[in-house]
Each structure stands twice: as structure tokens, then as C-alpha cells.
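A.B. asks: Take a look and give me a structure for this.
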Amino acid sequence: MNKETKRFLAGSVAILSLVVAGCSQSKTTPESAKETTEAKTTKQAVVEYTTDSKNPAASFDWNAKVAPMTKYEQTFVETNSGKTVTKKLDGVQKAVDALNEKKKSITDKKVKEALKLVDAVFVNQENFDVLLKATGTSSQEEFFTRIWNDYMVNFLKEARPTYTNDGEVEYQGVKYPIKVYGPMYLKVNTNALGRAAAYTLEDYKVEGDTVYLKLKAPRVDTYQYEVQASYQTNNKAFFEGMLQDAQKVGQTDFTKALLYKFIYRLAAVGFRGDGYVNLEGMDYYDKNNHYLAIKVDDKGNTTIDDKNLVNLLQIDLKPANEANKAKFE
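C.D. replies: Next comes the predicted model:
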């Protein structure tokens with residue numbers, strides 16, 4: 001990684017921590033290993049972005065869903081030798097088994113319904129529609145755009161008063177408005193959580209129509225966006241030019257600096273609606289603590305407010321954790 005890239009990453013840590021709770025710059029992928037597999041298994045293909053595309057947002061598939069992990073292993077191809085190495089994910093298998101056993105002991109119907117929302121994020125995103133229903137949205141595009149407009153805009157303005165949701169950058173003849181690419185990035189980052197296969201359910205409580213959950217879950221290894229970008233040798237000029245432009249505004253324009261980060265990461269996964277990167281650790285690593293409150297009525301209908309939703313999606317953990325943690329003390 002060249003010095004310019006390192007400066008770009010280092011300078012963006014504070015910005016990213018405002019957007020995706022639990023972001024990390026840890027290098028959990030070996031430098032000598034290149035991941036090369038298909039999204040339907042435990043591995044992901046490197047898909048290069050076609051830089052002659054004039055509007056990546058127009059072809060972004062909002063309806064795409066990440067397939068659940070069903071084979072608990074990960075395959076790498078060593079860059080130098082070309083040798084294929086397969087590593088069994090014993091930690092993931094153990095976490096899946098533990099979660100399934102925990103669920104068997106749960107008899108409360110409201111808890112079971114609440115857990116369906118958590119499952120739709122970390123276990124099987126093919127069931128993501130349960131989250132749409134619980135938030136009163138009808139599509140993933142509406143879902144993530146609403147989170148951006150109703151939560152993230154205010155969050156960013158409070159953190160950086162100079163932020164504007166009308167901001168955009170023009171790069172290589174393409175205009176990128178943050179109000180479009182911000183929600184796209186939230187979706188892609190959420191996609192990655194679907195590769196966890198499990199979470200660690202530590203406790204739960206029911207008070208009337210509110211189910212409180214205490215759990216731990218893996219988090220996205222944001223360094224992997226840079227890893228994916230580095231594999232796109234045909235697009236080296238695209239990424240390096242973007243780094244240069246980002247450096248020019250990094251200290252003077254928060255909105256543009258943040259937007260360049262989103263564009264860079266979306267391009268790293270080919271601007272694909274089913275794009276994702278790896279989670280932290282080489283196996284199951286439940287680093288994030290979640291304290292959630294989910295409403296479930298007597299008919300089994302679930303609802304989740306924005307504060308708990310952004311916690312579940314690891315966008316902003318703090319407010320819900322602070323509000324709900326006392327239920328387990």
C-alpha cells in the first residue's frame with residue numbers, strides 16, 4: 001500500500017467512525033492471500049468496476065440480497081504460488097450451533113418474532129423483507145434512503161455542522177450526489193453483516209409489547225474495501241486519481257471527503273447491489289455489543305424504531321445501547 005493510500009485511510013478514520021459504528025483499519029487478511037470465490041459460498045469474487053459507466057447508481061440493484069453462508073469454510077489463493085488454501089471456519093460453525101441451541105430453549109412467541117429481525121441481518125438476508133415490514137418500507141431502496149434522510153443527515157450535521165446533503169463530487173465526468181451514494185453505501189456495508197451466519201444471543205427480556213435483546217455480533221472489516229480495490233489492477237488509475245482528489249478536500253470539505261470514501265468503497269465492490277467485504281477476523285469474532293428494543297404486539301407484528309434499527313445495522317450503536325443496557329444490569 002503506497003503512502004498516499006495510507007494517508008487517505010488514516011485521515012478518514014474519524015469520519016468513518018461517525019458513519020459505521022465499529023469500523024476498523026485492522027488488517028485481518030494476509031498480504032500474501034487473495035480471496036477469489038463466489039458470493040454464494042463463504043468466499044467472494046473480485047469484480048472490477050467498469051470505469052466507462054456514466055451512472056453507477058442507475059445500474060445498482062437495490063433488490064439484490066446476499067446469500068447466507070451454508071458452507072463454513074473460506075478459500076484463498078496465494079498470490080505468489082497460486083496455491084489454493086481452504087480454511088475451515090470452526091468458530092462460525094460453533095457459533096451457529098450455539099445460536100440454534102439457544103433458540104430451541106425459547107418459548108416466548110414475542111422473542112421468537114423479535115429474533116427474526118436480527119436473523120435477517122446476521123443469519124439470512126434473503127429474509128430481509130421482515131425488516132422492511134417492521135419499518136413500514138416497501139423496498140430496500142426506500143429502507144436505506146429513509147435511514148439516510150431521517151437519521152444520518154441529522155447525525156452528520158450534529159457531528160459536522162458544515163455537512164450538506166446536497167453535496168456532490170464530479171469525478172472523471174460522472175457526478176456523484178451524496179444523497180444517492182450514501183444510502184447505497186449503507187446497503188453494501190449491511191450486506192457484509194449477512195455473512196456472519198450467526199450472532200451470540202446472551203440474554204432477553206420481555207416487558208409488555210417490548211422485547212429487549214442482549215447480543216454480540218461480528219462487525220465489518222472496513223480495511224477489506226481497500227484490499228478489494230487493490231485487486232482491481234485495470235482500475236489502478238481510477239482509484240489513485242480518486243485518492244489524489246480526496247486529499248485535496250480532506251481538511252476543508254467534510255461532505256466531499258466523506259463522499260469520496262463512499263465512492264471508493266462502492267467501486268471496490270463493483271458498485272454491485274450484492275457487493276460486500278469480509279467481517280473482522282479470520283473466523284467468528286463477535287466484537288460488537290448490541291442492546292436492542294423491538295416492539296412485538298400480541299398478533300406477532302414487529303416494529304423497530306430508528307434508534308434501534310441503526311444499532312442493529314451497526315451504523316450507530318451508542319444511543320440504543322445506552323437506552324437499553326440497564327435492562328440487563
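A.B. asks: Quick check: closest non-adjacent residue to residue 139.
C.D. replies: residue 62 (6.4 Å; C-beta to C-beta, 6 or more residues apart in numbering). C-beta coordinates here come from the backbone N, C-alpha and C atoms, glycine included.
A.B. asks: Can you classify the one you found by secondary structure?
C.D. replies: coil (DSSP: H, G, I helix; E, B strand; the rest coil).
A.B. asks: I'd like to know how many residues surround it.
C.D. replies: Here the number of neighbours of residue 62 (other C-beta atoms under 10 Å) works out to 16.
A.B. asks: List the residues that contact it.
C.D. replies: 139, 140, 141, 144, 187, 273 (C-beta atoms under 8 Å, 6 or more residues apart in numbering).
A.B. asks: could you dump these to a markdown table with pLDDT, secondary structure and distance to residue 223?
C.D. replies: A markdown table is the format used below for the contacts of residue 62 (pLDDT from 0 to 100; DSSP: H, G, I helix; E, B strand; the rest coil; distance: C-beta to C-beta, whole Å):
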| residue | pLDDT | secondary structure | distance to residue 223 |
| --- | --- | --- | --- |
| 139 | 98 | coil | 31 |
| 140 | 98 | helix | 26 |
| 141 | 98 | helix | 28 |
| 144 | 98 | helix | 23 |
| 187 | 98 | helix | 20 |
| 273 | 97 | coil | 22 |
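A.B. asks: Most neighbours among those residues, please name it.
C.D. replies: residue 187 (25 neighbours).
A.B. asks: all helices for the stretch 151-300 of the chain, in order.
C.D. replies: For the stretch 151-300 of the chain, helices defined by DSSP state H, counting those that start in this stretch occupy the ranges 153-159, 178-193, 223-231, 236-249, 254-268.
A.B. asks: Any idea which of the ones you listed gets closest to residue 122?
C.D. replies: Closest of the helices of the stretch 151-300 of the chain to residue 122 is helix 178-193, at 5.7 Å (criterion: C-beta to C-beta).
A.B. asks: What helices and strands are in contact with that closest one?
C.D. replies: Secondary-structure packing of helix 178-193 (3 or more C-beta pairs under 8 Å, 6 or more residues apart in numbering; DSSP states H and E): helix 109-122, helix 140-147, helix 254-268.
A.B. asks: what about 7 Å?
C.D. replies: helix 140-147, helix 254-268 (3 or more C-beta pairs under 7 Å, 6 or more residues apart in numbering; DSSP states H and E).
A.B. asks: Now stretch 257-267 - C-alpha only, CSV.
C.D. replies: Provided in CSV are the C-alpha atoms of stretch 257-267 (Å, rounded to 0.1, in the frame of the first residue of the first chain):
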residue,chain,number,x,y,z
ALA,A,257,-14.3,13.8,1.8
LEU,A,258,-17.0,11.5,3.1
LEU,A,259,-18.5,11.1,-0.3
TYR,A,260,-15.1,10.2,-1.9
LYS,A,261,-14.9,7.5,0.7
PHE,A,262,-18.3,6.1,-0.2
ILE,A,263,-17.5,6.1,-3.9
TYR,A,264,-14.1,4.5,-3.4
ARG,A,265,-15.7,1.6,-1.4
LEU,A,266,-18.6,1.2,-3.7
ALA,A,267,-16.3,1.0,-6.6
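A.B. asks: lowest-pLDDT helix or strand in this structure?
C.D. replies: strand 33-35 (a mean of 36; mean pLDDT, DSSP states H and E).
A.B. asks: Would you tell me what the next helix or strand after it is?
C.D. replies: strand 73-78 (DSSP states H and E).
A.B. asks: List the contacts of stretch 146-163.
C.D. replies: The set of residues external to stretch 146-163 that reach it, using C-beta atoms under 7 Å, 6 or more residues apart in numbering, is 18, 137, 165, 182, 183, 186, 254, 255, 306, 309, 310, 316.
A.B. asks: and which of those residues is nearest residue 69?
C.D. replies: residue 186 (21.3 Å).
A.B. asks: roughly how far apart are the closest one and residue 265?
C.D. replies: 11 Å (C-beta to C-beta, to the nearest Å).
A.B. asks: Give the intersection of the neighbour lists for those two.
C.D. replies: Between them, residue 186 and residue 265 share no contacting residue, judged by C-beta under 7 Å, 6+ apart.
A.B. asks: Between the two ends of stretch 322-329, how far is it?
C.D. replies: End-to-end distance for stretch 322-329: 12 Å, by C-alpha to C-alpha, to the nearest Å.
A.B. asks: Only the buried residues of it, if you could.
C.D. replies: 324, 327 (16 or more other C-beta atoms under 10 Å).
A.B. asks: Now tell me what touches it from outside.
C.D. replies: Here stretch 322-329 has contacts from 203, 205, 212, 214, 291, 292, 293, 307, using C-beta under 7 Å, 6+ apart.
A.B. asks: tell me the pLDDT at the second one?
C.D. replies: Turning to residue 205, the model gives it a pLDDT of 98.
A.B. asks: Residue 307 versus that one, what's the distance?
C.D. replies: From residue 205 to residue 307 the distance is 18 Å (C-beta to C-beta).
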